[in-house]
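Colleague: Sequence first, then the predicted structure:
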Amino acid sequence: MLNLIDNILNRITMYRLMLYYLSVLVGAAVVLSFFQILPYSSLAIVFSTFILVVVSVITNKVFALVFKAPTNIESAYISALILVLIITPTMSFSNIMFFIWAAILAMASKYILALGNKHIFNPVAVAVVITAFAINQSASWWVGNQAMMPLVLLGGLLILRKTQRDDLVFSFFFATAAVILADIIIKGSNLFSLLNTSLFHSPLLFFAFIMLTEPLTTPPTNNLQIIYGALVGFLFSPQFHIGSLYLAPEQALILGNIFSYLVSPKEKLMLQLKEKIKTATDTFDYVFPLQKKLAFVPGQYMEWTLSHPQTDSRGNRRYFTLASSPTEATLRIGVKFYNPGSSYKKSLLALTDQTTIVAAQRAGDFTLPKNQDQKMVFIAGGIGITPYRSMIKYLIDKQERRNIVLFYSNKNAPEIVYKDIFDQAERELGIKTVYTLTDTSNLPSGWSGKIGRIDGRMIQETVPDYLERLFYISGPNSLVTKFKETLKTLGIAEDKIKTDFFPGFV
């Protein structure tokens, strides 16, 4: 069942999944209100949705034109639908103005409240904070109710599985629970009553799954995300206050956003193609010039936005691991194309030096350990080899020796990429690469590598000291899942396995 869910999720971008999820919640709210399960007017929900979507989309396009920035139509729809779910739906004139101002401010914040082309605050949160002070109208977070909770939870878990931000969300829940527990101990509050209120009559789940995980305002690494989640969870707790000052959920998030901005990368790169290199069958490297070297850790990834006409359901944003090393003067990504391809991939395939592509949100923990004596095994399938090209090129340029064995699996020999880098690493640093082909009916003449899929026996025979090693796995989700299970059967502990964040190949 989980494999089926993962296969479906891999065909949908994170932003498109979020858009579908929010649309379902709004649709469910209309139905529940029609049957008077929710105390709102179905017509008012439809009306507020129309106003917020139209104003958000138009405002986003206007600001994109003024600032000459690529526009992400999905983000405008997502922000609008979140506003629908947190602002009480009515058709009064004052609420209509609230809708309009909230939508305008949410879109404007992405362009105006930004440094280095990177916005600082969650757009929806900062919009309702400003309206609270400016026009004395606040978000009610009405989505946090018992009737909506099952859908919020189910969709939220799908979002969490797609984004792989479990530790961020769990740290938020843990911090919130800690404050509630402290309140019970100190004040003798009723446990059942507090849990009932927190789960069924508050925006806790919606806030955690939707607002907290917003990619552009969360820290880049797992440890920082845990701290961020705990900080926001502590501030979010209804029991937390300073004297008579209690924080609304959006205010807690804004304070967390400030912390996130301080510890996060600031760059948002507007790049134009320098060179496109065909490296293998249906595989290309895209090389972009840099005005100054980009400070990143080998193995990290970035979010790549490519605006293009007739965008399909998979959107205009993708995550690609950086294949280049920080020691190189250019930025490089490796991309595998499949047929049929998405509109994004088709546009990327046709990319020229006249088109701007935006790279931002540098992040990831799929990096080399600080301990240079740590022995490692790298496992890659297909285009999952890109982070290893970054790491190994870095080690070559720094002449830094590490005890590494790389297993690199492909269907056919023509699919192998970066062989020159790996051969150089073997000559200069002693890093061993084990090539294996899975299509045994089409082996090249004189093939000296392995044959068949990487399995436990191949690892045991090639790396006798495998129990002493740290394992890295990169590739399609199905490959990563399978290899994790293989390693566990060999007795490799969970904390000795690192996997790359690779949210789809579409």
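Modeller: Yes, it's here.
Colleague: From now on I want contacts and neighbour counts done on CA atoms only, so please keep to that.
Modeller: Will do.
Colleague: now stretch 327-340: mean pLDDT?
Modeller: Mean pLDDT, stretch 327-340: 93.
Colleague: nope, stretch 230-249 is what I was after
Modeller: 84.
Colleague: next one: stretch 120-140
Modeller: The model assigns stretch 120-140 a mean pLDDT of 95.
Colleague: same question, stretch 427-440
Modeller: The average pLDDT for stretch 427-440 rounds to 95.
Colleague: which residues does residue 171 contact?
Modeller: Under the criterion of C-alpha atoms under 8 Å, 6 or more residues apart in numbering, the contact list for residue 171 reads 226, 227, 229, 230, 233.
Colleague: repeat for residue 259
Modeller: Residues near residue 259 by C-alpha under 8 Å, 6+ apart: residue 228.
Colleague: Help me confirm that it is found in a helix?
Modeller: Yes - assessed by DSSP: H, G, I helix; E, B strand; the rest coil, residue 259 belongs to a helix.
Colleague: Can you check the pLDDT for it?
Modeller: pLDDT, residue 259: 96.
Colleague: before we move on, what about the one 10 residues further on?
Modeller: At residue 269 the predicted local distance difference test score is 91.
Colleague: can you list contacts of stretch 124-143?
Modeller: Applying C-alpha under 8 Å, 6+ apart, the external contacts of stretch 124-143 come out as 79, 82-83, 85-88, 98, 101-103, 105-106, 109, 202-203, 206, 250-251, 253-254.
Colleague: now swap in stretch 294-304 and tell me
Modeller: With C-alpha under 8 Å, 6+ apart as the test, stretch 294-304 has contacts from 317-326, 357-368, 387-388, 390-391, 394.
Colleague: what about that stretch, distance to the chain center?
Modeller: Relative to the mean C-alpha coordinate of its chain, stretch 294-304 is positioned 13 Å out (C-alpha atoms, centre = their mean, to the nearest Å).
Colleague: tell me which residues in that stretch are buried?
Modeller: Of the residues in stretch 294-304, 294, 296, 297, 298, 299, 300, 301, 302, 303, 304 count as buried by neighbour count, 16 or more other C-alpha atoms under 10 Å.
Colleague: Export these as a markdown table, with columns for distance to residue 353, secondary structure and pLDDT.
Modeller: Putting those into a markdown table (distance: C-alpha to C-alpha, whole Å; DSSP: H, G, I helix; E, B strand; the rest coil; pLDDT from 0 to 100) gives the following:
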| residue | distance to residue 353 | secondary structure | pLDDT |
| --- | --- | --- | --- |
| 294 | 20 | coil | 90 |
| 296 | 24 | coil | 94 |
| 297 | 27 | coil | 96 |
| 298 | 26 | coil | 97 |
| 299 | 26 | coil | 96 |
| 300 | 25 | coil | 95 |
| 301 | 22 | strand | 94 |
| 302 | 20 | strand | 93 |
| 303 | 19 | strand | 90 |
| 304 | 16 | strand | 93 |
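Colleague: and which of those residues is nearest to residue 437?
Modeller: residue 299 (24.2 Å; C-alpha to C-alpha).
Colleague: ok so, going back, I'd like to know which of the contacts of stretch 294-304 are part of strands.
Modeller: Members of the contacts of stretch 294-304 lying in strands (criterion: DSSP state E): 317, 318, 319, 320, 321, 357, 358, 359, 360, 361, 362, 363.
Colleague: Got the phi and psi for the residue nearest the centre of the chain?
Modeller: Nearest to the mean C-alpha position of the chain, by C-alpha atoms, centre = their mean, lies residue 163 at 4.9 Å. In this entry, residue 163 is assigned phi and psi values of phi -80, psi -20 (degrees, to the nearest 10).
Colleague: and the gap between it and residue 45?
Modeller: From residue 163 over to residue 45 the distance is 29 Å, taken as C-alpha to C-alpha, to the nearest Å.
Colleague: same check, this time on residue 425
Modeller: The spacing between residue 425 and residue 45, counted by C-alpha to C-alpha, is 61 Å.
Colleague: are any of the contacts of stretch 124-143 buried, and which?
Modeller: Using 16+ other C-alpha under 10 Å, the buried ones in these are 79, 82-83, 85-88, 98, 101-103, 105-106, 109, 202-203, 206, 250-251, 253-254.
Colleague: The residues you listed in strands, which ones?
Modeller: Per DSSP E, the buried ones among the contacts of stretch 124-143 never map to strands.
Colleague: Just those: which are in helices?
Modeller: Among the buried ones among the contacts of stretch 124-143, the ones falling in helices (DSSP state H) are 79, 82-83, 85-86, 98, 101-103, 105-106, 109, 206, 250-251, 253-254.
Colleague: the strands in the stretch 201-350 of the chain, which residues?
Modeller: 241-242, 245-246, 268-272, 275-280, 283-289, 301-305, 317-321, 330-336 (DSSP state E, counting those that start in this stretch).
Colleague: Quick one: closest of those to residue 24.
Modeller: Proximity to residue 24 (C-alpha to C-alpha) singles out strand 317-321 among the strands of the stretch 201-350 of the chain, at 22.0 Å.
Colleague: Tell me what angle the closest one forms with strand 301-305.
Modeller: 150 degrees (axes from the mean of the first three to the mean of the last three C-alpha atoms, to 10 degrees).
Colleague: Packing partners of strand 317-321?
Modeller: strand 301-305, strand 330-336 (3 or more C-alpha pairs under 8 Å, 6 or more residues apart in numbering; DSSP states H and E).
Colleague: for these, which one sits closest to residue 285?
Modeller: strand 330-336 (4.4 Å).
Colleague: what's the closest one in contact with?
Modeller: Strand 330-336 has contacts (C-alpha under 8 Å, 6+ apart) with 282-290, 293, 320-324, 383, 386, 505.
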